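J.: coordinates only, sequence not included:
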């Protein structure tokens, strides 16, 4: 756990520990329904309670902090789910479908047990706490302006504190909308009509701009709970805007924002802050490493599904490119891929007497991708070694991602050397081999080879980092593997169909716009092909 303001965290703990009162309505994602309490996040969602304490301006700070906490709990649970679609882990026992690529998110409360992977409801709940004003959400759905951001900028007069809290809440609204735009096939907000990924990502950009206006009013300031070296609110807002633009394929705009943040702070990182205990723990570490339901996956030469890539209609090779997280290596010339874009290894994908079996490849270990060989519920397995404690913070926006966003744009522009330079800057900071020599020459002669190099760099850099490589796969389905309801992992669990995910089924059944379209029959219309090229379009 990184050093944080004790007064602030005390308020946050009170928010969590006080989440025992239940509102009479159910918050099912963004759709309000009066069907009972089973799906309601077991939380004191202040503005939903409609009591005098919550409607008072004095509750503004704790409402904003509660929304932040909901986002953070959701994000770490999502990171655990992402270990499946990122090919890091396979389900073996206990948490039956934890890494099996389910096409819909689990519903319910956040982190109620070691195997719990609920993220959609609490993330949407935090969003609703911030704003329910249709005019700020670019939707025509039902909703009153009762979010904390709405009230701070409406009925309450809080001066400079109001701008500060408004900026923070707008940043976390933008983070939520960016997340939905990256990973949902379609969405809805407060009973709105369908929103496609570009709609949600566009709203995210608008909310970062809204945050920046508040920051301009009061000057830059540290985000609550972030470590002292994380930078300020301005960097977080602009870095999220960069991520949203990248996911929306505005590569130039994304690169411009990334460069601006790096110019201000070339080591910028924002964090999902963690502590010990349910709802505050690093769920990736706790469930995948400490409790241990699953096993790590090596290079994929075992898949039993269709060998045709549905995007290109070309056959996949017997060994799937860009897969496997066991004993990844880097050659002295910086090479991370061998023939067929198969990852370079520094040791064979097996152990004897607990030690890696030597591999005479000349590669050194890629220290960004580490595993722990330990007893889990089904025997000794490789588990992620990215984190060492449930109190370890999880990177959210990093300087490395910003550099890779710039690299993607340089590749698009044909500036191959400039793209490779971004990778070498990342490697140099981590004492890893530089892309150089004959390998560099080969990359400069092939944009396709450079693209594969960048994809592999993202795969390794984003290891166990909250779905960043999953998002990369969604944007590159012509090269990166998704099983789409086909085949099984070596342990026997069959794969689901997640490329993007749909909303929980109840969202389609309780929203009047979806009901008019046939309820569940409305699913999938937010992408050109839910199981195909995944190119988003605006509805």
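T.: Arrived safely, thanks for sending. Quick caveat, the model's predicted, so the values are computed rather than measured.
J.: which one's the longest helix in this protein?
T.: When secondary structure is assigned using DSSP state H, the longest helix within the chain turns out to be helix 159-183.
J.: helices or strands up against it?
T.: If you count contacts as 3 or more CB pairs under 8 Å, 6 or more residues apart in numbering; DSSP states H and E, helix 159-183 packs onto helix 60-82, helix 120-130, helix 148-152, helix 197-218, helix 233-247, helix 468-475. Quick note: C-beta positions are derived from backbone N, CA and C, even for glycine.
J.: want to throw the ones you listed into CSV with distance to residue 304, mean neighbour count and mean pLDDT?
T.: Shown next, in CSV, are the helices and strands packed on helix 159-183 (distance: least, CB to CB, whole Å; neighbours: other CB atoms under 10 Å; pLDDT from 0 to 100):
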stretch, distance to residue 304, mean neighbour count, mean pLDDT
helix 60-82, 23, 26, 95
helix 120-130, 30, 28, 93
helix 148-152, 49, 25, 95
helix 197-218, 31, 22, 96
helix 233-247, 32, 27, 98
helix 468-475, 20, 23, 94
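J.: including distance to residue 507, could these go into a markdown table?
T.: As requested, the helices and strands packed on helix 159-183 are exported to a markdown table (distance: least, CB to CB, whole Å):
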| stretch | distance to residue 507 |
| --- | --- |
| helix 60-82 | 16 |
| helix 120-130 | 9 |
| helix 148-152 | 23 |
| helix 197-218 | 14 |
| helix 233-247 | 21 |
| helix 468-475 | 20 |
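J.: nearest to residue 380, out of the ones you listed?
T.: helix 60-82 (21.0 Å; CB to CB).
J.: can you give me the angle that closest one makes with helix 159-183?
T.: Regarding helix 60-82 and helix 159-183, their directions subtend 20 degrees when assessed with axes from the mean of the first three to the mean of the last three CA atoms, to 10 degrees.
J.: next one: helix 60-82 to chain centre, how far?
T.: 12 Å (CA atoms, centre = their mean, to the nearest Å).
J.: heading C-terminal from it, find the next helix or strand.
T.: Downstream of helix 60-82, the next assigned helix or strand under DSSP states H and E is strand 89-91.
J.: all strands of this structure, in order?
T.: When assigned using DSSP state E, the strands of the chain occupy the ranges 26-28, 31-33, 89-91, 269-272, 294-296, 329-330, 337-338, 342-343, 347-352, 355-358, 364-365, 371-376, 379-384, 394-398.
J.: what's the angle from the last one to helix 60-82?
T.: The one in question is strand 394-398. An angle of 100 degrees separates the directions of strand 394-398 and helix 60-82 when computed by the same axes, to 10 degrees.
J.: test my guess that residue 401 contacts residue 469.
T.: No. Taking CB atoms under 8 Å as the contact criterion, residue 401 and residue 469 are not neighbours in contact, 10.7 Å apart.
J.: mutual contacts of those two, please.
T.: Common neighbours of residue 401 and residue 469 are listed as residue 462 (criterion: CB atoms under 8 Å, 6 or more residues apart in numbering).
J.: residue 361: neighbouring residues, count only.
T.: Neighbour count of residue 361, defined by other CB atoms under 10 Å: 14.
J.: just residue 437 next, same as before
T.: Under the neighbour criterion other CB under 10 Å, residue 437 is assigned a count of 13.
J.: thinking again about what came up before, which parts of the longest helix of the chain are buried?
T.: Buried residues in helix 159-183, defined by neighbour count with 16 or more other CB atoms under 10 Å: 162-183.
J.: right, so of the helices and strands packed on helix 159-183, which gets closest to residue 189?
T.: For the helices and strands packed on helix 159-183, distance to residue 189 was read as CB to CB. The smallest value, 7.6 Å, belongs to helix 120-130.
J.: and the closest one, what does it pack onto?
T.: If contacts are counted by 3+ CB pairs under 8 Å, 6+ apart, helix 120-130 sits against strand 26-28, helix 46-49, helix 60-82, helix 148-152, helix 159-183.
J.: output the ones you listed in TSV, with distance to residue 134 appended to each entry.
T.: Output for those, formatted as TSV (distance: least, CB to CB, whole Å):
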stretch	distance to residue 134
strand 26-28	17
helix 46-49	16
helix 60-82	19
helix 148-152	11
helix 159-183	14
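J.: among the ones you listed, which comes closest to residue 290?
T.: The closest of the helices and strands packed on helix 120-130 to residue 290 is helix 60-82. By CB to CB, the value is 11.9 Å.
J.: what packs against the closest one?
T.: Helix 60-82 sits against helix 6-17, helix 46-49, helix 120-130, helix 148-152, helix 159-183, strand 269-272, helix 283, strand 394-398, with contacts defined as 3+ CB pairs under 8 Å, 6+ apart.
J.: could I get those in JSON lines, plus columns for distance to residue 501?
T.: Supplementary listing: the helices and strands packed on helix 60-82 in JSON lines, determined by distance: least, CB to CB, whole Å:
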{"stretch": "helix 6-17", "distance to residue 501": "26"}
{"stretch": "helix 46-49", "distance to residue 501": "25"}
{"stretch": "helix 120-130", "distance to residue 501": "9"}
{"stretch": "helix 148-152", "distance to residue 501": "27"}
{"stretch": "helix 159-183", "distance to residue 501": "6"}
{"stretch": "strand 269-272", "distance to residue 501": "20"}
{"stretch": "helix 283", "distance to residue 501": "18"}
{"stretch": "strand 394-398", "distance to residue 501": "20"}
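J.: how close does the residue nearest to residue 82 when sequence neighbours are not counted get to residue 415?
T.: Closest residue to residue 82 apart from its sequence neighbours, by CB to CB, 6 or more residues apart in numbering: residue 467 at 3.7 Å. If you measure residue 467 against residue 415 using CB to CB, to the nearest Å, the figure is 28 Å.
J.: sorry, back to before: identify the residues contacting the residue nearest to residue 82.
T.: The neighbours of residue 467, taking CB under 8 Å, 6+ apart as the test, are 78-79, 81-82, 85-86, 182-183.
J.: so which of these is the closest to residue 244?
T.: Using CB to CB, residue 182 comes nearest to residue 244 of those, at 8.4 Å.
J.: quick check, pLDDT for the closest one.
T.: Note for residue 182: predicted pLDDT of 95.
J.: that one against residue 474, yeah?
T.: Yes. If you go by CB under 8 Å, residue 182 and residue 474 touch, sitting 6.9 Å apart.
J.: in the stretch 201-350 of the chain, where is pLDDT below threshold?
T.: Applying pLDDT under 70 to the stretch 201-350 of the chain flags no residue at all.
J.: okay, now the closest residue to residue 388 other than its chain neighbours: neighbour count?
T.: The shortest distance from residue 388 to any residue other than its chain neighbours is 7.3 Å, reached at residue 285 (CB to CB, 6+ apart). The number of residues packed around residue 285, counting by other CB under 10 Å, is 26.
J.: separation between residue 285 and residue 385?
T.: From residue 285 across to residue 385, the span is 10 Å (CB to CB).
J.: what's the answer for residue 65, then?
T.: 32 Å.
J.: likewise for residue 481?
T.: From residue 481 over to residue 385 the distance is 24 Å, taken as CB to CB.
J.: ok, now residue 170?
T.: Counting by CB to CB - residue 170 and residue 385 are separated by 36 Å.
J.: what does residue 132 give?
T.: From residue 132 over to residue 385 the distance is 42 Å, taken as CB to CB.
J.: the two: who's more crowded?
T.: residue 132 (24 against 17).
J.: pLDDT value on that one, please?
T.: The predicted local distance difference test score for residue 132 is 88.
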